[in-house]
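**Q** Mind looking at a prediction? Sequence and model below.
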Amino acid sequence: MSIDAPLKAPAPAPASAAGEVALKRVVVHTDGGCQGNPGPGAWACVLEYGRQKLELSGGELATTNNRMELSAAIHALQALNQPCRIEFHTDSEYLRQGITAWVKGWKRNGWRTKTKDPVKNKDLWQQLDTLATRHQIDWRWLKGHAGHALNERCDVLAGKKMAEIRQRHSPGELRAALEEFRRQEANPAP
């Protein structure tokens, strides 16, 4: 997924005296949620570049809140087709602390926690870590459901995706997906 067209720069970025191209400044807001934890879940992100705005959202039949918070961040960064300077807003301390502090230790410990347990959501953390290295990111926490317009917008978009999932799938399909998710959580891939 690329935001080349929606967030295309109106003019080339100016070069510094040293010949370096200035990075485009993008503001990102994300949110993820779940109905039941685990349960049907969704993620959403809003990216702003100047006056341009891009909204993305998606969901899964069975997941966790933390996986959806990580998925929102991953999809936001995947939408950028070049390195950027990003002001990144999240209401998830799990996401912000994980990417700014914990991930360094996890990588050093072979993706194990301080207590030598496997890192939960390792697949998503690895993907996010790889994507984040392309950019200069200022990870900012904000209080959820506190009137921040774009955080609230992400919450609405994620809520709509969760409602769509529930409308498109029978209770039996949702139960089966949840059972499969729990089975995979109990026996994670190495």
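**A** Received the coordinates, thanks.

**Q** where along this protein do the strands fall?
**A** 24-34, 39-49, 52-63, 84-90, 136-141 (DSSP state E).

**Q** Can you spell out which helices and strands pack onto the second one?
**A** When contacts are defined as 3 or more CB pairs under 8 Å, 6 or more residues apart in numbering; DSSP states H and E, strand 39-49 sits against strand 24-34, strand 52-63, helix 65-78, helix 149-168, helix 171-186. In short, each C-beta sits where N, CA and C put it, glycine included.

**Q** Wait, residue 41 touches residue 60, no?
**A** Yes - using CB atoms under 8 Å, residue 41 makes contact with residue 60 at a distance of 5.6 Å.

**Q** intersection of neighbour lists for these two?
**A** 67, 68 (CB atoms under 8 Å, 6 or more residues apart in numbering).

**Q** how long is stretch 111-122 from one end to the other?
**A** Start-to-end span of stretch 111-122 (CA to CA, to the nearest Å) is 7 Å.

**Q** Please state the offset of it from the chain centre?
**A** 20 Å (CA atoms, centre = their mean, to the nearest Å).

**Q** Ok, stretch 36-43 next?
**A** Here stretch 36-43 is found 14 Å from its chain centre; the criterion is CA atoms, centre = their mean.

**Q** Can you list the neighbours in contact with that stretch?
**A** Contact with stretch 36-43 is made by 30-35, 57-65, 67-69, 71-72, 75, 157-162, 165-166, 169, 174, 178, 181-182, 185, as judged by CB under 8 Å, 6+ apart.

**Q** Show me which of those residues are buried.
**A** Buried members of the contacts of stretch 36-43, counted by 16 or more other CB atoms under 10 Å: 30-35, 57-65, 67-69, 71-72, 75, 157-159, 161-162, 165-166, 174, 178, 181.

**Q** where's residue 110 relative to residue 44, distance?
**A** Distance from residue 110 to residue 44, counting by CB to CB, to the nearest Å: 33 Å.

**Q** now residue 160
**A** 8 Å.

**Q** more neighbours, residue 110 and residue 44?
**A** residue 44 (29 against 9; other CB atoms under 10 Å).

**Q** So residue 74 sits against residue 128, correct?
**A** Yes - with contact defined as CB under 8 Å, residue 74 and residue 128 form a contacting pair (5.3 Å).
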